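Colleague: coordinates only, sequence not included:
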């Protein structure tokens, strides 16, 4: 899965623009859960290899391992948002690629290097150039 579908979506969808009214008016947005596409792919899996992505902020490794198993992924890329040098609105990421057998934690890398490290991991190539091992 290359991008996450939102976990939730609005219950009601207006067909017109919601215009501001004079004075302060609060809008309450009711949300409902979206279907879990990754879990469904894992459920239907035959011979394909499934790599999911998880963005986590707390209990990052435990939550990622749980997701790997629950969604029946072969690999799961954990995007840890706790490092101030990586993540959204940055040119870098810090990821760990998990499988049932191992986890490979990469240091903060450029987005391009992160993509290369993930792909090399998935196809079984050496990733020492990224990990410094």
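Modeller: Ah, there it is. Predicted, not measured: the structure shown is a model, and the values here were computed from it.
Colleague: From residue 73, how far out is residue 47?
Modeller: 14 Å (CB to CB, to the nearest Å). Yep, even glycine has a C-beta here, placed from its N, CA and C like the rest.
Colleague: An error on my part: the question was meant for residue 19.
Modeller: Residue 19 is 44 Å from residue 73, where distance means CB to CB.
Colleague: Neighbour count for those two, which is higher?
Modeller: The residue with more neighbours, out of residue 19 and residue 73, is residue 73; 26 against 5, by other CB atoms under 10 Å.
Colleague: State the phi and psi torsions of the more buried one.
Modeller: phi -80, psi 150 (degrees, to the nearest 10).
Colleague: Setting aside sequence neighbours, what's the nearest residue to it?
Modeller: Distances taken as CB to CB, 6 or more residues apart in numbering put residue 52 closest to residue 73, at 4.4 Å, once the chain neighbours are dropped.
Colleague: Assign that neighbour to helix, strand or coil.
Modeller: Under DSSP: H, G, I helix; E, B strand; the rest coil, residue 52 falls in the strand class.
Colleague: do you know how far it is from residue 100?
Modeller: Using CB to CB, we find residue 52 at a distance of 13 Å from residue 100.
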